[in-house]
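Undergrad: Need coordinates for the following:
(one chain, ligands or ions: 1)
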Amino acid sequence: MTTSDDPRAERPAVALSIAGLDPSGGAGLVADARTFSAMGVFPMCVAATVTYQNTLGLKGRYDLPPEVVWGQLEALFEDRKPDAVKTGALGSARVVTEVARFLGDHLAGPLVVDPVLFSESGGRLFDEGAAGALRELLLPRAALLTPNVSEAAVLTGIEVWTLAEMEAAAERLLNMGAVAVLVTGGRLEEDGVTVAVDVYSDPDGTEVLRSPWLEGQSVHGTGCVLSAAITAALATGRTMKEAVASGRAFVRRAMQCAVRPGAGSPCANPNP
Ligand code: PXL
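TA: Okay, the predicted model is just below:
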């Protein structure tokens, strides 16, 4: 066993995920921890909501009392401030409010906000008021906000489907206070070829990031793995643009190496 003064015990870069538990392992805290680990960053996890789900779909959700989330955060931060933090499914407006208040007082590194609103199967991962709390309290603290097209539509109140709408939504979200925004999950037909598109926006401008469309059934956990991979890269000191590029490459590989642990959806695989 190593002790705190053992010279073999290195101090690793630490990333923290504050998110939901998907007990079937494909998304949420488990996917985040696997991604941090695969990227060489020590994973820490704070549970905000517990989902009841398997690879076939979401059956329900229990949002932890805000003081339980606060207690976990307080214990972690009095020991070691993480080098970067991401938030995922937080569940209730009360938890969003507590997390925003805690991070406002204690955050030291960059914050990636993945505004998880729905599961892939369409189940709600947020209460009605939580999207508003997220927009008002958490978004302004975000170094990067990573909505998919449906989440961007809910947060901005505009339709987000075409490339022009993705760009407009990214710029609106930037004006709402995020330092940078990555709108994900666009699908375009260009010269008869299907292309996957994300739109990245920061104060230097807006960029369209294209990659070849991956055929096949939709893969569970891709949003979590992308935002976790970006968070891990930030924890090791990468710039935001480098982190976004390495996160996109990482999630692409995790999708190509997807596995089917149950009878339902394939899951992104951060550790092929
Ligand atoms: O992929 C979105 C997501 C995030 N977090 C949790 C989830 C899901 C999808 O089901 O369950 C906990």
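
Undergrad: Tell me where the longest strand sits in the chain.
TA: Using DSSP state E to assign secondary structure, the strand with the most residues in the chain is strand 42-54.

Undergrad: Give me the mean pLDDT for that one.
TA: Averaged across strand 42-54, pLDDT comes to 97.

Undergrad: Could you do stretch 199-218 as well?
TA: In this model, stretch 199-218 has an average pLDDT of 91.

Undergrad: same question, stretch 93-101
TA: Mean per-residue pLDDT for stretch 93-101: 97.

Undergrad: starting at the chain centroid, how far to that stretch?
TA: When C-alpha coordinates are averaged (CA atoms, centre = their mean, to the nearest Å), stretch 93-101 and its chain have centres 17 Å apart.

Undergrad: Take it, keep the C-alpha atoms, and write them as PDB.
TA: Output of stretch 93-101 as PDB, limited to C-alpha atoms (Å, rounded to 0.1, in the frame of the first residue of the first chain):
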ATOM      1  CA  ALA A  93     -34.200  22.700 -10.600                       C
ATOM      2  CA  ARG A  94     -33.200  22.500  -6.900                       C
ATOM      3  CA  VAL A  95     -30.100  20.400  -7.600                       C
ATOM      4  CA  VAL A  96     -29.100  22.700 -10.600                       C
ATOM      5  CA  THR A  97     -29.400  25.700  -8.200                       C
ATOM      6  CA  GLU A  98     -27.300  24.100  -5.500                       C
ATOM      7  CA  VAL A  99     -24.600  22.900  -7.900                       C
ATOM      8  CA  ALA A 100     -24.400  26.400  -9.500                       C
ATOM      9  CA  ARG A 101     -24.100  28.000  -6.100                       C
END
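
Undergrad: which residues are contacting it?
TA: For stretch 93-101, contacts defined as CB atoms under 8 Å, 6 or more residues apart in numbering pick out 18, 48-49, 63-64, 66-67, 69-70, 73, 87, 90, 127-130, 132-134, 137-138, 141. Using the backbone N, CA and C atoms, a C-beta is placed for each residue, glycine as well.

Undergrad: Can you give me the distance of Leu125 to Asp198?
TA: 21 Å (CB to CB, to the nearest Å).

Undergrad: Stretch 155-169: end-to-end distance?
TA: 9 Å (CA to CA, to the nearest Å).

Undergrad: ok, and for that stretch, which residues are buried?
TA: The neighbour-count check on stretch 155-169 (16 or more other CB atoms under 10 Å) flags Leu155, Thr156, Val160, Glu165, Met166, Glu167, Ala168, Ala169 as buried.

Undergrad: List the buried residues of whichever strand or helix holds Leu103.
TA: With elements taken from DSSP states H and E, the one containing Leu103 is helix 93-106. Neighbour-count burial for helix 93-106, counted by 16+ other CB under 10 Å, picks out Ala93, Arg94, Val95, Val96, Thr97, Glu98, Val99, Ala100, Phe102, Leu103.

Undergrad: which one of the residues you listed is nearest the ligand?
TA: Taking CB to the nearest ligand atom as the measure, the ligand sits nearest to Val95 out of the buried residues of helix 93-106, at 12.8 Å.

Undergrad: Could you name the helices and strands sitting against the lengthiest helix in the chain?
TA: In the chain, ranked by residue count with DSSP state H as the criterion, the top helix is helix 240-256. Contact partners of helix 240-256 among helices and strands, from 3 or more CB pairs under 8 Å, 6 or more residues apart in numbering; DSSP states H and E: helix 28-38, strand 144-145, strand 193-202, strand 205-212, helix 222-235.

Undergrad: for that helix, what is the average pLDDT?
TA: The model assigns helix 240-256 a mean pLDDT of 97.

Undergrad: which residues does Val197 form a beta bridge with?
TA: Under DSSP bridges, the beta-bridge partners of Val197 are Gly186, Arg210.

Undergrad: so it sits right up against Thr162, yeah?
TA: No - between Val197 and Thr162 no contact is recorded; they are 10.0 Å apart, counting by CB atoms under 8 Å.

Undergrad: so who does the nearest residue to Thr194 once chain neighbours are set aside touch?
TA: The spatial neighbour of Thr194 that comes closest, neighbours along the chain excluded (CB to CB, 6 or more residues apart in numbering), is Trp213 at 3.9 Å. Residues in contact with Trp213, defined by CB under 8 Å, 6+ apart, are Arg187, Val193, Thr194, Val195, Ala196.
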